[in-house]
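Trainee: Quick check, what structure comes out for this input:
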Amino acid sequence: MLDCFHFPESSMTVNRRRLLLASAAAASALVLPHARAQQGKPLRILVGFPPGGGTDAIARLLAERLGAGLGRPIVVENRPGAGGQIAAQTLKAAPADGSVVFLTHDHTISILPQVVRNPGFDPARDFVPVGGFATFVNALAVPAQLPVASFGDYVQWVQRSGGGRGVVGIPAPASTPEFLVKVLGQRYKLDLVSAPYRGSAPMIADMLGSQIAAGIGSVQDFIENHRAGKLRVLAVLGAKRQQALPDVPTFDELGLKGFEDTPYYGFYAPAGTPADFAQQFSAALGEAVAAPQAHAQLVQMGLSVEPMTPERLHARESAYTAVWKRIIEESGFTPQ
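Mentor: Residues are numbered from 1 along each chain as shown. The predicted structure follows:
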């Protein structure tokens, strides 16, 4: 057998191997110098919504695992207000040195720049994607004490008790949920009015206190109270039922078409952040969400786990933005 014998290497082979090893070492030194320099330094994760909401819970779930993967401490920093606008402006002003990232979803990146005349940031110019990890859907929920068991019951309740007029809470003004309120009102001939909040946590608090009879937000905002029997999710968007809510129908099943495209979650860094940081962060994020316990927890929160490289996150963002550009224009909405 050939592997029983030793063949002496020629000097050309030895020199070639040494050259390849030297080149690989040089390349490694060039690829991750910035990432290595940042090891041990705290990384701030900006969250544009208050503590207690779905996005905040996700940030805190991922922070520990990301810290282990990146070899550095993680600090979650809430900068709530204006649907993530304040946190986005904070990211824009932050140093592009791998010390800060922004955990956000479609509203801040794809929707706000289309509905606010001067949001104070331009995602295409001011940010770079550094990794995505999930998609999700929005849902309509009501307090458990409301005497309705289905979306059809809710429509009849609004018609009967409010004369066709109802108030629906939304986590932020000029958000995807606000446009859904408009569409639902038009589709079912109801006078539905949006009540904007500064994040999902205060909206849900008012729902639990029976201060408001319905709310539209992400599944992850509602799911724990739904399981506890305090809120009732009546319908979800998207093309299929959610794994975490298998008994809840989609609006598509109920006849409301055109909202099958799902929102996304991702991390962004200031423009100019070194590419090696984005590569290292994306790899650590992929490992974090692939861990069985973290994966299961994210699914239980109502997310569809979908690791995305910076390039895939950018493509996902662009496609979603294009869909909602059409919906916003067709609604006749004028940027404020």
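Trainee: switch to C-alpha atoms for all contacts and neighbour counts from now on
Mentor: Noted.
Trainee: And the residue nearest the centre of this protein?
Mentor: Geometric centre of the chain, nearest residue: Y265, 2.2 Å, by CA atoms, centre = their mean.
Trainee: list the contacts for that one?
Mentor: 103-106, 132-136 (CA atoms under 8 Å, 6 or more residues apart in numbering).
Trainee: quick one: strands adjacent to the strand or helix carrying it?
Mentor: Secondary-structure assignment from DSSP states H and E places Y265 in strand 264-270. Using DSSP bridges, strand 264-270 pairs in its sheet with strand 100-105 (antiparallel), strand 127-135 (antiparallel).
Trainee: For these, give me JSON lines that also has mean neighbour count and distance to H226.
Mentor: Formatted as JSON lines, the strands paired with strand 264-270 follow (neighbours: other CA atoms under 10 Å; distance: least, CA to CA, whole Å):
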{"stretch": "strand 100-105", "mean neighbour count": "25", "distance to H226": "22"}
{"stretch": "strand 127-135", "mean neighbour count": "25", "distance to H226": "20"}
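Trainee: Need the ones you listed in TSV (columns: mean pLDDT).
Mentor: What follows is the strands paired with strand 264-270, written out as TSV (pLDDT from 0 to 100):
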stretch	mean pLDDT
strand 100-105	97
strand 127-135	97
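Trainee: Going along the chain, name the strands of this protein.
Mentor: Counting by DSSP state E, the chain has these strands, from start to end: 43-47, 74-78, 100-105, 127-135, 138-143, 165-170, 191-196, 215-218, 231-236, 264-270, 304-308.
Trainee: Show me the one of the ones you listed that comes nearest G185.
Mentor: Among the strands of the chain, the nearest to G185 by CA to CA is strand 191-196 (5.3 Å).
Trainee: got the CA positions of that closest one in PDB?
Mentor: Extracted C-alpha coordinates of strand 191-196, given in PDB (Å, rounded to 0.1, in the frame of the first residue of the first chain):
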ATOM      1  CA  ASP A 191     -64.300  52.700  10.800                       C
ATOM      2  CA  LEU A 192     -61.100  51.500  12.500                       C
ATOM      3  CA  VAL A 193     -58.800  54.100  14.100                       C
ATOM      4  CA  SER A 194     -55.200  53.500  15.000                       C
ATOM      5  CA  ALA A 195     -54.000  54.400  18.500                       C
ATOM      6  CA  PRO A 196     -50.200  54.700  18.300                       C
END
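Trainee: Any chance you could list what contacts it?
Mentor: 164-173, 178, 181-182, 184-185.
Trainee: what two of those residues are the furthest from one another?
Mentor: G164 and A172 (23.7 Å).
Trainee: Including distance to G258, could the strands paired with strand 264-270 go into CSV?
Mentor: Converted to CSV, the strands paired with strand 264-270 look like this (distance: least, CA to CA, whole Å):
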stretch, distance to G258
strand 100-105, 20
strand 127-135, 17
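Trainee: the more surrounded of G164 and A172?
Mentor: A172 (24 against 17; other CA atoms under 10 Å).
Trainee: follow-up on the earlier one: report the buried members of the contacts of strand 191-196.
Mentor: Buried by 16 or more other CA atoms under 10 Å: 164-173, 178, 181-182, 184-185, out of the contacts of strand 191-196.
Trainee: does the residue nearest to K240 when sequence neighbours are not counted have beta-bridge partners, and which?
Mentor: Excluding its sequence neighbours, the residue lying closest to K240 (CA to CA, 6 or more residues apart in numbering) is T250, at 6.5 Å. Residues in a beta bridge with T250, per DSSP bridges, are V236.
Trainee: mind showing which ranges of the stretch 1-150 of the chain have poor pLDDT?
Mentor: Where the stretch 1-150 of the chain drops to pLDDT under 70, the residues are 1-40.
Trainee: Okay, helices next: where are they in it?
Mentor: Per DSSP state H, counting those that start in this stretch, the stretch 1-150 of the chain carries helices over the ranges 11-31, 33-38, 54-70, 85-93, 106, 112-115, 123-126.
Trainee: Using CSV, list the CA coordinates for stretch 198-211.
Mentor: C-alpha atoms of stretch 198-211 as CSV (Å, rounded to 0.1, in the frame of the first residue of the first chain):
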residue,chain,number,x,y,z
ARG,A,198,-44.2,54.1,22.1
GLY,A,199,-43.6,50.4,21.6
SER,A,200,-45.5,47.2,22.2
ALA,A,201,-45.1,47.0,26.0
PRO,A,202,-47.3,50.1,26.8
MET,A,203,-49.8,49.0,24.2
ILE,A,204,-50.1,45.5,25.7
ALA,A,205,-50.4,47.0,29.2
ASP,A,206,-53.4,49.0,28.1
MET,A,207,-54.9,45.9,26.4
LEU,A,208,-54.5,43.9,29.6
GLY,A,209,-56.1,46.7,31.5
SER,A,210,-59.1,46.8,29.1
GLN,A,211,-58.2,50.4,28.1
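Trainee: Now it: buried residues?
Mentor: Per 16+ other CA under 10 Å, stretch 198-211 contains these buried residues: 198-204, 206-208.
Trainee: next one: stretch 303-317
Mentor: Result for stretch 303-317 [16+ other CA under 10 Å]: buried residues 303-310, 313-314, 316-317.
Trainee: and that stretch, how far out from the chain's middle?
Mentor: Relative to its chain's centre, stretch 303-317 lies at 10 Å (CA atoms, centre = their mean, to the nearest Å).
Trainee: Give me the contacts around that stretch.
Mentor: By CA under 8 Å, 6+ apart, stretch 303-317 touches 106, 109-110, 129-137, 219-220, 264, 266, 278-279, 282, 285-286, 289, 295, 298-299.
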